[in-house]
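Participant: Build me a model:
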Amino acid sequence: MARMEAPVDRRLGEKSLFRVEEAVFTWDDVVARARTSGDWHAIEEEVRAGLAASLELDDRGEAPGLGDIEEAGRAFRYARGLLAGDELDAWLDARGLTTAEWHGYLRRSLALGLVPEPAGSERVAVKEVAAAVWPEGICSGFFEDLARELATLVAVAPAAQAEEREGEFEAFCRAAATDAAVAREIEANRLEWVRVRYEAVAFPDADSAAEAALCVRADRDSLAEVAARIGAEVEERRDWMDEVDPELAARFLAAEAHDLVGPVPDGGGFVLAALRAKTPPRVDDDAVRTRAAEAVIERAAARKVDERVVWLEPL
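Facilitator: Numbers count the residues shown, from 1 in each chain. A predicted model of the protein is given here:
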C-alpha cells in the first residue's frame, strides 16, 4: 500500500527515546553525538558515494531495476522481522521516513555494491546528500547503534556532562578490567579462545571429500597437492575456536597439530582441514588479554544499561 509522502525535513528530533533517572534523551541527542564525533560526516560520505554510484550506473544504462529493488526490500524486511506490509509502514512512520526515502536507501546500497569506488562525486548536489542522511543513518542501523552507544555512556556516568562522558567511560573500563577479572575471563573461556591455524579445502560432495582425505591419509599427499589436482582453492585461516563452525571446532579440540580433520559438512558441501597449530589462551598473550578485557567491560556496561536505561521507544 502506497504511503503519503512527507517533506524530507520531517524528522523525530524531539521524540523521547530513552530515560536515565530523570533525564530524557531524544533523537536530537543522538544526532548531536553523531555530529560532534564526526560520524555524521561519515554518513554524508556514504550517501554521496551511493548517489555517485547511482549516477554512474545510470550513465551506463545498468541501474538496478524494479525487481532488484524489490528483492533488496524483501531482504531488508526479513532481516528486521517486518513480514507484513503494514509492519513496514509502521516501522517507517515510527522513524519519520517515507517509502520513497526507504527506496532511495535501497537504490544507493545496491548501486554502491555494484560500484564500490564511484567517480564523479562532484556531480552530487549537496542538498541531495543532506536530504538522505537521516534515511541512510536509520535504514543502515547506524543511528540505532549510536543510540545504544549513547545510552551506555549515560548509564555508566549519569551525572556527567556530555563532554565528560567519554572520559568517565574510559575510567569505568579501567576499573572493570582488573588483572583478576581478566584472568577469570580467560579461564572461563579456555576452550572457546583456543586459536587455531589451519588450511581448509571445500569440496562439493561427500565422495570427492572422502577420496581427497584418503589421498592425504593413505598416500601421504599434502592437502595442497590434492587441492591442486582438482583445481580447488586452499584457504589459510587463523581463527579463535569460537569463530569456527561448531562441528569442525569439536574435531579441532580432539586433534593435534598436523592432523587432517574431516570431511565435515559445510553448507551444501564438505570441508577438509589440515590443522597446523593449536594455541591455548594465556594470560600473558596480549590478544587474549584484549579479548578478555573487552568481554569484561561489555558485560559490566550491559549491567549498567539494564539497571538504569528505560527505553521509551523501541529501536
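Participant: Please identify which helix or strand holds V271.
Facilitator: Applying DSSP states H and E as the criterion places V271 in strand 269-279.
Participant: so G104 touches I138, yeah?
Facilitator: No. Taking contacts as Cβ atoms under 8 Å, G104 lies outside contact range of I138: 12.0 Å. No exception for glycine: its C-beta is placed from N, CA and C like everyone else's.
Participant: All the strands of the stretch 101-250 of the chain, residue numbers only.
Facilitator: For the stretch 101-250 of the chain, strands defined by DSSP state E, counting those that start in this stretch occupy the ranges 195-203, 234-240.
Participant: where does the stretch 151-300 of the chain dip in pLDDT?
Facilitator: Along the stretch 151-300 of the chain, the model assigns pLDDT under 70 to no residue.
Participant: could you redo the last one with a cut-off of 80?
Facilitator: In the predicted model of the stretch 151-300 of the chain, residues 219-221, 226, 228-232, 267-268 satisfy pLDDT under 80.
Participant: just to revisit the earlier point, quick check: buried residues in the strand holding V271?
Facilitator: Buried residues in strand 269-279, counted by 16 or more other Cβ atoms under 10 Å: F270, V271, L272, A273, A274, L275, K278.
Participant: between those, which is nearest R190?
Facilitator: R190 lies nearest to K278 out of those, by Cβ to Cβ, at 12.5 Å.
Participant: ok, the nearest residue to that closest one once chain neighbours are set aside to S140 distance?
Facilitator: Closest residue to K278 apart from its sequence neighbours, by Cβ to Cβ, 6 or more residues apart in numbering: V196 at 5.3 Å. V196 is 33 Å from S140, where distance means Cβ to Cβ, to the nearest Å.
Participant: Check L66 too.
Facilitator: Using Cβ to Cβ, L66 is found at 22 Å from S140.
Participant: which of these two has more neighbours?
Facilitator: Using other Cβ atoms under 10 Å as the criterion, L66 and S140 rank with S140 on top: 16 against 8.
Participant: correct me, but that one touches Y105?
Facilitator: Yes. Shown here, S140 and Y105 form a contact pair, counting by Cβ under 8 Å, at 7.4 Å.
Participant: domain parsing for the chain?
Facilitator: Using automatic domain parsing, the domain parsing of the chain gives 16-155, 195-279.
Participant: A181 is nearest to which of those?
Facilitator: Smallest distance to A181 across the domains of the chain (Cβ to Cβ): 18.4 Å, for domain 16-155.
Participant: what sits against the residue nearest to A277 when sequence neighbours are not counted?
Facilitator: Spatial nearest neighbour of A277, chain neighbours left out: R197 (4.3 Å); criterion: Cβ to Cβ, 6+ apart. R197 makes contact with E236, R237, R238, L275, R276, A277, K278, T279 under the criterion Cβ atoms under 8 Å, 6 or more residues apart in numbering.
Participant: Quick check: phi and psi on the nearest residue to G120 once chain neighbours are set aside?
Facilitator: Spatial nearest neighbour of G120, chain neighbours left out: A52 (5.4 Å); criterion: Cβ to Cβ, 6+ apart. Backbone geometry at A52, expressed as degrees, to the nearest 10, gives phi -60, psi -40.
Participant: I'd like the distance between A52 and K127.
Facilitator: Using Cβ to Cβ, A52 is found at 15 Å from K127.
Participant: more crowded one of these two?
Facilitator: Just comparing A52 and K127: by other Cβ under 10 Å the higher neighbour count belongs to A52, 22 against 9.
Participant: As CSV, the buried residues of strand 269-279 with distance to V261 would be great.
Facilitator: Shown next, in CSV, are the buried residues of strand 269-279 (distance: Cβ to Cβ, whole Å):
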residue, distance to V261
F270, 12
V271, 9
L272, 7
A273, 5
A274, 8
L275, 6
K278, 11
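Participant: for these, which one is nearest P263?
Facilitator: F270 (4.1 Å).
Participant: Pull the contacting residues for that closest one.
Facilitator: A202, F203, P204, D205, A206, S208, A209, G262, P263, V264.
Participant: Great, nothing more from me.
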